[in-house]
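# give the three-dimensional model of this entry:
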Amino acid sequence: MIIDLLSTIATILVFTYGIFCLLLLAIWLTWKNYYPTGFSKTNHKISLIIPVRNESKNIIRLLTDLQNQTLAQSDFEVIVANDDSTDNTAELVAHFQNQNSLDLKLINLPPKAVNTSPKKRAITHCIKKATGSVIVCTDGDCTVSAKWLSTIKSYFEENEVVFLSAPVFFLDSTSSNTVQRLWTKIQQIEFASLIVSGAVSIKMNFPNMCSGANIAYIKEAFFEVNGFEGNEDLASGDDEFLMHKITKAFPKKVHYLKSKDAIVKTEALHDLQSFYNQRKRWAGKWSKYTLLSPKVMAIFIFSANAAFVYALLSFDVQNIGFKMLPEFLFLGSLFFFFKKPSLLLYIPIVQIIYPFYVLLFGLVSLNKKSYTWKDRKLS
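All right, here's what the predicted structure looks like:
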């Protein structure tokens, strides 16, 4: 009797999840890419804030990308917030500052004994010094296209938007190690599914997920919602918590920028320990959400993947198919946008691994939180 009940519940959850994937697919495929029209309603200057800690291997690559933006340099400034780096990140930024024409400011954040949320502290400190009306945020290990900032600026000037989320994708592995390359491909698939699911939720006016590696918002709105007040003690959430607060204060003014020119690429995690620490940090956020829709979505995704694990363990071919086929179609559609169709071959591997990963981090998130970020332990 209990087994029959569990099987029925699992079937309902998996079937509903399959329908959900088909809905995501339909919205994503019918959603037109954004191209600037050139008809601006307003004029904005951009302040780009980049919190960094120990990014000596990557920061010059990003600054070079910014030096080569098609957007006029008079229309944006770059603020690098150095958060107590123990390498020569600050020296590299200062040298680049002296050698190039980019409007670049280096701010060395004051030391703080208890620093539970480094990125929020860095952004809050720098936004007070920003001269632009639009704040753009990314990370020190990212790369951006030449049209990145001009595309963001155009979108703000052509649309009534207060908060803008944009696409993020993982860089390809440069390792000669086959396992390392496979590990990167798995992360690319998993991360793309999160990014685009978040994009579609924004399109449906139920914002739940975004990535702090590629977001932008009106500076005045940040102060109007009191910035990160209320979740300063959480190591993660400089992106989603702020998006949720702005959603409440400015209904229908949270948008997603579906544009290939707006894609930011970042480094995949190189080992399982780093992956575990990052995902543990992310998973710890959901119980702190104040909006109902992200909480409901988190519970639904956890339950659907639990049902799929049950289907796998009970060799329920029908329920396995209910989940895997619609999910494969949805995931497959993403990689033409990101120009990575070769990843289609690796989707089934992720489909088998991912449910166990969801269960693991869902359960881990219930425990007391402690995280490692940039060689520091946060709690």
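
# now residue 248. Nearest residue, chain neighbours left out?
Excluding its sequence neighbours, the residue lying closest to residue 248 (Cβ to Cβ, 6 or more residues apart in numbering) is residue 291, at 7.2 Å. Heads up, the C-betas are built off the backbone N, CA and C, glycines and all.

# if you could redo that for residue 74, that was the one I meant.
Counting by Cβ to Cβ, 6+ apart, residue 74 lies nearest to residue 103, which is 7.8 Å off, once chain neighbours are set aside.

# contacting residues for that neighbour?
73, 74, 76, 77, 78 (Cβ atoms under 8 Å, 6 or more residues apart in numbering).

# mind doing that once more with 7 Å?
73, 77, 78 (Cβ atoms under 7 Å, 6 or more residues apart in numbering).

# sec struct for the last one, please.
Same thing as residue 78. strand (DSSP: H, G, I helix; E, B strand; the rest coil).

# that one against residue 100, yeah?
No: the criterion here is Cβ atoms under 7 Å, and residue 78 misses it with residue 100 at 10.4 Å.

# ok, the two, which is more surrounded?
In terms of neighbours (other Cβ atoms under 10 Å), residue 78 is the more surrounded of residue 78 and residue 100; the figures are 26 against 14.

# now for the lengthiest helix in the chain, which elements pack on it?
Secondary structure of the chain read by DSSP state H shows that its longest helix is helix 2-30. In terms of contacts (3 or more Cβ pairs under 7 Å, 6 or more residues apart in numbering; DSSP states H and E), helix 2-30 is packed against helix 178-203, helix 292-313, helix 317-337.

# give me the distance between the residue nearest to residue 248 and residue 252.
14 Å (Cβ to Cβ, to the nearest Å).

# of these two, which one has the most company?
Between residue 291 and residue 252, counted using other Cβ under 10 Å, the more crowded position is residue 291 (18 against 10).

# and the contacts of residue 103, which is closest to residue 298?
residue 78 (34.6 Å; Cβ to Cβ).

# how many residues are close by residue 225?
If you count neighbours by other Cβ under 10 Å, residue 225 ends up with 21.

# just give the nearest non-adjacent residue to it, would you?
Of all residues not flanking residue 225 in the chain, residue 245 sits nearest, at 4.3 Å (Cβ to Cβ, 6+ apart).

# now stretch 290-299: buried residues?
291, 293, 294, 297, 298 (16 or more other Cβ atoms under 10 Å).

# next: stretch 146-160.
Counting neighbours by 16+ other Cβ under 10 Å, one finds that the buried residues in stretch 146-160 are 147, 148, 149, 150, 151, 152, 153, 154, 155, 156, 157, 158.

# quick one: average pLDDT of it?
Here stretch 146-160 scores 97 as its mean pLDDT.
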